[in-house]
Structure formats: C-alpha cells, structure tokens
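Q: Attaching a predicted model along with its sequence, questions to come.
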Amino acid sequence: MNQLPDQPDPWAFLQNHTSARIARGRTGHSLPTRALLDFQLDHARARDAVYSELEQDELRNQLAVFHQPVLLLHSRATDRQQYLQRPDLGRKLDEKSQTNLTGFEDLSGFAPFDLCIVIADGLSATAINRHAPTVVARLTEEVLKLGWTLAPLCLVEQGRVAIGDEIAHALKAETVVVLIGERPGLTSPDSMGAYLTFQPQPGLTDESRNCLSNIRPEGLPYEAAVQKLLYLLTEMKNRRLSGVQLKDEFDDNLLAN
Amino acid sequence: MAYRSTIRNRVYRFDDLKTLLARATPLRSGDQLAGVAAQTAEERVAAQLALADLPLATFLNEAVVPYETDEITRLILDTHDAAAFAPISHLTVGDFRNYLLSDEVDAQTLTALQPGLTPEMVAAVSKLMRNQDLITVSARCEVITRFRNTIGLKGRFSTRLQPNHPTDDFRGVAASIIDGLFYGSGDAVIGINPATDHVRTVIRLVEMMDQIRQRFDIPTQTCVLSHITTTLQAIELGAPVDLTFQSIGGTEAVNTSFGVNMALLREGFEATRALKRGTVGQNVMYFETGQGSALSANAHHGVDQQTCEVRAYAVARLFEPLLVNTVVGFIGPEYLYNGKQIIRAGLEDHCCGKLLGLPMGVDICYTNHAEADQDDMDTLLTLLGTAGVNFIMGIPGADDVMLHYQSTSFHDALYLRDLCRLRPAPEFEAWLLRMELMGADGKLLPVKNTHRLLQAAGL
C-alpha cells in the first residue's frame, strides 16, 4: 500500500499570498482527514459563538470599576431560535425591560446624557465576553476625562443593533455606541462591531449610523478602536449628525492623512 | 378575486392570488417574517388544494404585483407567447404538475413551452411538487449556452472558479485561480467578487485574469462581479470584459434597490455583445439571484419570496445569459432557516429557472448563523447533480475568505463528477487533458513541481 496522501500539494508555497484554503491536498477526490477536521473545528467554533451567552455576572464585575449603574435588558426575541428568524423582535425591548428603563429615567435626574453605551450579544456573545470589558473601560475613562455624562451601561440579551436607538432614546442620551457580536466568520468567531448614532430614536436605519468592524486583537486592536470611537463621537457632537455624511468626511480625512 | 378551499367543515379563504400562492408555499422563515406564510400546516395544504384547481390562464388575468407600477409585471404579460401556451392553456396548476411528470414530456416539449410560461405559473406548480418532482422535471430540461465553451450539455457539469481575496490582492487571487485549475475547476467562468467596486480595481482584475487565460489558452471566460455601471465604465475604458454581471430581483422596486432597471440591463447587454469576444457563442450575461432579496429591500408587495425569485428569471431570460446563479443560502436564517429550507429552495430555484429556459447554476451555500452545515451542502449538491445542474461554485476549501460564507469546494465538484459520471464542458475537458491535469478516465493526474501552470504564480 502506498503512503496515504495526507500531504500538501506541490503549490503549497502559494499559501503565503492568501488566507484561502488552497493546496489542501486530496485523497482520491476528497479532502484529506486533517484538512477536513481543520474546517470542522473552525465551523464548530463559529457555531458555538452563535449560541454563546453573555457572561452577565463576570461582565458586571469587570464593568463596575467606574461606578456606573448597569441595567440588564432583554429584547422581544425569547430565545436564540426566534432571534435568528425574527430580526424585528431583536430590535425591540420586551415589556419588562421597557419598564426598567422608564423606572430608571424617573430616578436619575441627570438626563440628558452625553453618551449611552449599549452592549448586546448579537450573533456572538463570545465576542462581547472577550472584548467588551477592555473597550468599555478605556472608552469610559476617556469620555469622563472630557467631562461627558454617561447614561447607565446597558447589557442586552438577544439584541440587534437598532435596539440601542430605543434604549438611548428612553434614557435621553445624545449619542449611543452599541457594541455587538458580529456574525462569526469561519476563522473569526469573536469579532465585535461598534455602531454609533447621534440623537438616537426608534425607527432609524443603517444610513444614520457609523460602524467599526472586526474589533479584536487580530483585527482592529482595542486602543485603535477606542481612538476611532472617540474621534467619531466628538465629530458627531460637534457636527450634530451621524451616518453617511459623517462617514464620507471621515474617509476623506483618513485619505488626507 | 378571492379563492376558497374547504377541509371537512372548515372553509379557508384566500383574499387574492398572491395570498393563495404565499399560503401554499412550503414553510420557510422569510415568508413567516413577511407575515404571508400559512398559519398552520392544514392551511398550507388547503391553499395547495385551491391552487391545484386554479386554471393556469388565471395568471394571465391577475397580476401579483400591479401592472401599472411594475416594469417586470409588464415584461411578463407583454411578452407572453399565447401560441406556445396553447397546448397547456386548458390545464389547472394541478394538471400542469401531472403533465410535467408524465411520460409524454421531454426536453423538446419543455423548450417549446418556455415562452408560454409565466414565472407565476412556474412558481405555482413548484409549490405542489415534492423534492423528487422538482428533480424529475429539472432533469428533463436541457439548457445549453456558449461563449468560449459549451455549458449545459447532458452528462456534463461545470464550475465557477471563485478566487476571492479580502483585499483583491493579485497574488492572492492568482494563487486561488491556480489551485482551482489544478483541481479542474473554472469551465463555467473564472469569476471574482471584488472587495471594492472601484473601476480601476475592476479593470486591473479583468486584465489580470485575461492574461492568465490567454497565457495558458484556457477555453473559458472571466468575469469581475462588479455593479453593471462599473462594468460599463470598464468596457468604455477598453477593458477585456467577457461577461457582464448583475444581481437582479423579481420586482421593479428590488431592482431599484440594486441600482438597476431594464433599460440599464439592456445597455449592459448590448455593450458586452458588441465586444464580440465569444468564440463559440455570444451569451454574455451572468446574473445572480436569491430568495429573500425582495423582502430584504422591503420590495416584495406581499408576494412570497419564492414567487418573487421566479419573477427575477423573467428578467434574466430576456438577455440570453450564459449563467444564472441562485445564491441560495447566502442571505441568512431569517429567510431560509435551516438545511431543510435551503435544500428545498435550491431545488425549487433550479427547477423553476430551467422551466423558464435559464442555464441555472446554484451557489450551494450557508452562513454560520444558519442551522446548516457542510453535510447539508453535500445533500443539496448530490441532489442537484441528479437534477442536472449546469454549474456550481468552486471555492478553495469551500471557505470564501472575502464574503465570509461557506459554499462548495473544488473537491466537492470532483466528488459529483465521479459519482454522477459527469464531465466538464467539452472544450475545457480537452484543455485539461492537453495540460495533463486530467487523465482520459476523468480522474485528476498527480501534479509535478515543474508544471507550467505554476509559472502563473509569478504574475
């Protein structure tokens, strides 16, 4: 019997040029065992990320450093299965959460706030569990230095991006940052996205938002993300707008630099 | 007009044709999201019973999207061929299913019927079919198209080599092209989804692929899947464009959301044909579609997503495309929730497209938040092989590192060729033999370190 062909193709050196799964070899017409299992592992990690849950206690402990109140909220999507099929429900708070928000609003007396930070599981709670504490801590530190007031930190289960608009509007915040787990890629199960809106209110769509994607050490690193967030938030407040118009100028500035 | 069906003592009422079609559609998440799906399993079958009794001619008198406000409805009704329809004009939708599955139907009768069929008739009959019916009918169709090779012949099966790269890096793209060619992929097209839609990038990618094609004299065509307006600019600037690509949908409003209309598609079609770059034929268009796009753009008019999809095929067939590809599982679980729904939708799209005379391929695919995995793709791939699919995607390791979804790999295509005894397009097959990439038995040959294809890596 010949040696089993679990070895790369002669053009394996081309792998230097791409992250695509080239030159994986073959046995007959099929993928060799190791290459098959490498793929299965990556997919398993992505699947686990979709079904991961926010580590609420751990997150609350890590986020308590600035003595901001933390509100636990939930969308109208009751579970992950419904969340995946009904994006509309993930964009709205359930009744209990709405009551919680209204109750807080009555007591605070500090509104309107400069900024509301919303943390939502999105499609990868793993991304939030790993990356949100550091990014929130650094962002909070920086905006407090600027003298901004902060709405309570909101932690949302089964949330989509637009839920931040309802929350920030109810809390009377001028700007909102939604940190959310992005759809897991095959090799990036823990990418965190950040969506920013000026004068958030229910019913806004993507063109009103600015977005940073792939926040994680292997993508957009924490400190770079925080600096970009600060830049965008400051521009929003100065120019009193967000979304497409701001994006164009941001890109122009980047090009000019 | 309202439609009714009585089951035991319960009367089910369907307010109009689009409601009847939607309620009769096999379960899928997108129709539930749109609020048009049947509420119960019994209501779905009640709708199917009413639909089965509906005369096919009804579809010529009642539009699901208003004629006055939708250019695709106007296209469908204004170009309907009454003479081609005549042989089946007396049939109900249920009769039509019986006819399509009967022994008297073959490729010739189906081809003759095409101009007499509207998308809604085809969508309707597919809703009464099981998966095996969809496969039986598809397998009877033959749709052959040509540019530099011949795609869709019986006993043959082609692949689009999809060498995407996150930053359009030339060496990265070339690496995936070479990988694919060594695995015998690329006879449908070598087609890149560009990471950016800038005309200069598009031109450079078109030129790079054309160089590889000419250098190794590959009998295939290349395409950069940019927006049609970008491709038109590239053509004006003299780029060697083989095929013009565009995503299309089944209502005027969804096409507006894609930034296209019939006039623009015609402009792209005529500009590309004028280049006369085909050697064995002049099918120059490459369209992509997919269930759910109309709902996603809030442009569905209360019509179910499968009917919207088939209406897109009326747009495609006007331009005699080389390739039409339904990207079946890309859109996400809010439209097709799991492997079962993706598999059904893939078979429906393939069958309905073929009935309307289109050279259907399927991007057998899913995203990581869908309840699906590579096993489901194997199932759909195998079923589509038996159904006679014209082409599928070939992506290194089935993992698209630019679009972040999973599709079919070069290995997957080899599996299907071997299992179903399917060969590549004849011109491309001859090239594979000439290049000593494939043996006369159809199996790949071992590659030597000195193979001249490896020179392309230096591009």
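A: Great, that's in hand.

Q: can you list the weak-confidence ranges in the chain?
A: Reading this off chain A. A:1-7, A:105-108, A:248-257 (pLDDT under 70).

Q: Chain B is the one I meant
A: Within chain B, the stretches falling below the threshold (pLDDT under 70) are B:457-459.

Q: For chain A, what's the nearest residue on it?
A: B:G397 (2.5 Å; CB to the nearest CB). Glycine gets a C-beta too; all of them are placed from N, C-alpha and C.

Q: excluding its backbone neighbours, what's nearest that residue?
A: A:R21 (2.5 Å; CB to CB, 6 or more residues apart in numbering or on different chains).

Q: sec struct for that neighbour, please.
A: In the three-state summary, A:R21 is assigned as coil, counting by DSSP: H, G, I helix; E, B strand; the rest coil.

Q: about what we covered before: the residue of chain B closest to chain A contacts A:A35, correct?
A: Yes - counting by CB atoms under 8 Å, B:G397 does reach A:A35; the two are 7.1 Å apart.

Q: coming back round to it: compute the distance between the residue nearest to B:G397 and A:T187, please.
A: 10 Å (CB to CB, to the nearest Å).

Q: got it, and B:L403?
A: 13 Å.

Q: One more: B:L433?
A: 36 Å.

Q: dump the residue contacts of B:R204.
A: B:F170 (CB atoms under 8 Å, 6 or more residues apart in numbering or on different chains).

Q: Could you say which helix or strand holds it?
A: helix B:199-215 (DSSP states H and E).

Q: on that earlier part again, higher neighbour count, B:L403 and A:T187?
A: When neighbours are counted by other CB atoms under 10 Å in any protein chain shown, B:L403 and A:T187 differ, and B:L403 comes out ahead with 18 against 14.

Q: so that one sits in a strand?
A: No - applying three-state DSSP, one finds B:L403 to be coil, outside a strand.

Q: so it makes contact with B:N164?
A: Yes - using CB under 8 Å as the test, B:L403 is close enough to B:N164 to be in contact (6.3 Å).

Q: Spell out which residues are contacts of both of the two.
A: Joint contacts of B:L403 and B:N164 (CB under 8 Å, 6+ apart) are B:N193.

Q: For stretch B:40-59, what is the distance to the chain centroid?
A: 26 Å (CA atoms, centre = their mean, to the nearest Å).

Q: Check which residues of it are buried.
A: B:43-52, B:54, B:56, B:58-59 (16 or more other CB atoms under 10 Å in any protein chain shown).

Q: hmm, back to that, what do B:G397 and A:A35 both touch?
A: A:21, A:24.

Q: In terms of neighbours, single out the busier of the two.
A: Ranked by neighbour count (other CB under 10 Å), B:G397 and A:A35 place B:G397 first, with 25 against 21.

Q: check contacts around that one.
A: Per CB under 8 Å, 6+ apart, neighbours of B:G397: A:20-22, A:24, A:31, A:35, A:39, B:409.

Q: do A:L54 as well
A: Counted by CB under 8 Å, 6+ apart, A:L54 has contacts A:119, A:121, A:125, A:128-129, A:155, A:157.

Q: Go again with 7 Å.
A: Taking CB atoms under 7 Å, 6 or more residues apart in numbering or on different chains, we find A:L54 in contact with A:121, A:125, A:128-129, A:155, A:157.

Q: residues from the stretch 101-250 of chain A in reach of chain B?
A: A:123, A:183-186 (CB under 7 Å from any CB of the partner chain).

Q: Save those as TSV, and put in secondary structure and neighbour count too.
A: Output for these, formatted as TSV (DSSP: H, G, I helix; E, B strand; the rest coil; neighbours: other CB atoms under 10 Å in any protein chain shown):
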residue	secondary structure	neighbour count
A:L123	coil	29
A:R183	coil	20
A:P184	coil	27
A:G185	strand	22
A:L186	coil	21
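
Q: Good, wrapping up.
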